[in-house]
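> model this:
(one chain, ligands or ions: 2)
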Amino acid sequence: MRTFISFDEARQIVLAEANGLGTERCSINDALGRILAEDIISQDNIPPFASSAMDGYAVRSEDVLEGALLEVIEHIPAGQVPQRIVTAGSCARIMTGAPIPEGADAIIPREVSQEKDGKVQFSTPTQKGKHIRPAAEDVRKGDLVFVNGQRITPPVVGMLATLGKDTVRVSKRPNVVVFSTGDEVVSPEKEPGPGQIRNSNGPALRAQVLMAGGLCPAYVHLPDNPATIREAILANSGADFMIFSGGVSVGDHDYVKEVLDDLGMELMFWKVRQRPGKPLAFGRLGKTLVLGLPGNPVSSSTCFMMYGNPIIEALLGAREPDAGERAVLLEDVTKVSNLHYFARGILRQDAEGLSVVSLTGPQGSNLFGSVVKANCILHLPEGVALVEKGTVVQVDRLSW
Ligand code: AMP
Ligand code: MG
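Ligands and ions are numbered 1, 2, ... in the order given. Okay, here's the model as predicted:
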């Protein structure tokens, strides 16, 4: 077991252990947020046929001269195949999305057309190809449209539907169990007694798991009692990922690590040179990954962002996490030199369009307001005791 390691090392260990969980087929209607586990190659041209981009008239561009009257030989609504060929002196009334009739090479919009008694006259000239959407303009048959590892966003759902891929192969979603711990912690609907606090980590961590794409029907709260903790772990041994809040530090009643050790967990590291969240623990119990987060709500949620999120992404089969962005720090920040800080920040653009970042206020690890206000996490690396105003720092934008 390694201890008091750097943030970079801890992240590498975590990412090396978290691998995709296999794949399954799923309807595109249930695929939002999931990760494609296959390349998508188009079997069709998109659009499949040349069509009109306007409601108007399909004409031979050379026929549209000043004052010329063209005979309207057909009406073509969207969804119908033209029956007639447009020959010299004729044209077809056509609606947006309808196939271009043979012979026609341009569309004239209705707004500049006057139709009377089966004949039509135009107030502007046109040119070949005008207002025609060519076949295969968007996608060509045989194109590689999406690659394995692509996250399924709303436009990806739309494109898959267009391509006729109504089901796709996706990575399986991890089954995640969130355990909050602590005798002092009561359910949010209860009035806390003397010395008690409401459980915020259970609901917040579960919400973070869901947002990251994990499955987590409910969180489970455990008292500081080794036998109960043991039972709950055994009852959930089929999970892909277990997250504990609390009980991993060195307090008299921090039993989580001890019970996991007893059950044979391979503890990969305990304690990271970081703030918040120094007593973070990570290991593997059989096939289940285990992340032990300090109970402090700021530590628990921030460390989930830094470790839990990338673990779930990796279990989902996503590609490497983003490298983050850079922004100019707007204030001096003092810190403990040998720790990597995850400060909660507000990232914005200044009047010149430069990315700038400031802290959300006091950063005490008991102040959850510092997390609630944040739209990013700023990384203040190890090895400096003062990060000066004007320094360019790395920021991770939060996904909410
Ligand atoms: P621990 O890591 O168990 O020593 O907890 C550290 C601090 O976080 C203590 O002040 C706890 O009361 C608090 N805490 C632990 N679990 C929770 C929770 N689920 N919700 C809110 N606060 C918690
Ligand atoms: Mg505790």
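> just for the stretch 1-150 of the chain, where's the confidence low?
The stretch 1-150 of the chain contains no residues with pLDDT under 70.
> and whatever residue of it ends up closest to ligand 2, how far is that from residue 267?
Minimum separation of the stretch 1-150 of the chain from ligand 2 (Cβ to the ion) falls at residue 3, amounting to 20.1 Å. Where C-beta positions appear, they are placed from N, C-alpha and C, glycine not excepted. Using Cβ to Cβ, to the nearest Å, residue 3 is found at 9 Å from residue 267.
> need the strands for the stretch 51-200 of the chain, in chain order.
With DSSP state E, counting those that start in this stretch as the criterion, the stretch 51-200 of the chain has strands at 51-52, 56-59, 69-76, 90-94, 106-109, 113-116, 119-122, 132-133, 144-146, 167-171, 176-181, 185-186, 197-198.
> same for the fifth one, what does it pack against?
Yep, that's strand 106-109 we're talking about. Helices and strands touching strand 106-109, by 3 or more Cβ pairs under 8 Å, 6 or more residues apart in numbering; DSSP states H and E, are strand 56-59.
> Pairing partners for the strand it packs on, with directions?
The sheet places strand 56-59 alongside strand 90-94 (antiparallel), strand 106-109 (antiparallel), with pairing taken from DSSP bridges.
> In CSV: those strands, plus mean neighbour count and distance to ligand 1.
Listed next are the strands paired with strand 56-59 as CSV, based on neighbours: other Cβ atoms under 10 Å; distance: least, Cβ to the nearest ligand atom, whole Å:
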stretch, mean neighbour count, distance to ligand 1
strand 90-94, 26, 64
strand 106-109, 24, 63
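> Adding distance to residue 288, write those strands out as TSV.
Shown next, in TSV, are the strands paired with strand 56-59 (distance: least, Cβ to Cβ, whole Å):
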stretch	distance to residue 288
strand 90-94	61
strand 106-109	61
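> now the ones you listed as CSV including distance to ligand 2?
Shown next, in CSV, are the strands paired with strand 56-59 (distance: least, Cβ to the ion, whole Å):
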stretch, distance to ligand 2
strand 90-94, 71
strand 106-109, 70
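> and of those strands, who's closest to residue 28?
strand 90-94 (31.3 Å; Cβ to Cβ).
> quick one: that closest one to chain centroid distance?
47 Å (Cα atoms, centre = their mean, to the nearest Å).
> Run through who's touching that strand.
52, 55-60, 63, 70-76, 82, 84, 86, 100-101, 104, 107, 115, 120 (Cβ atoms under 8 Å, 6 or more residues apart in numbering).
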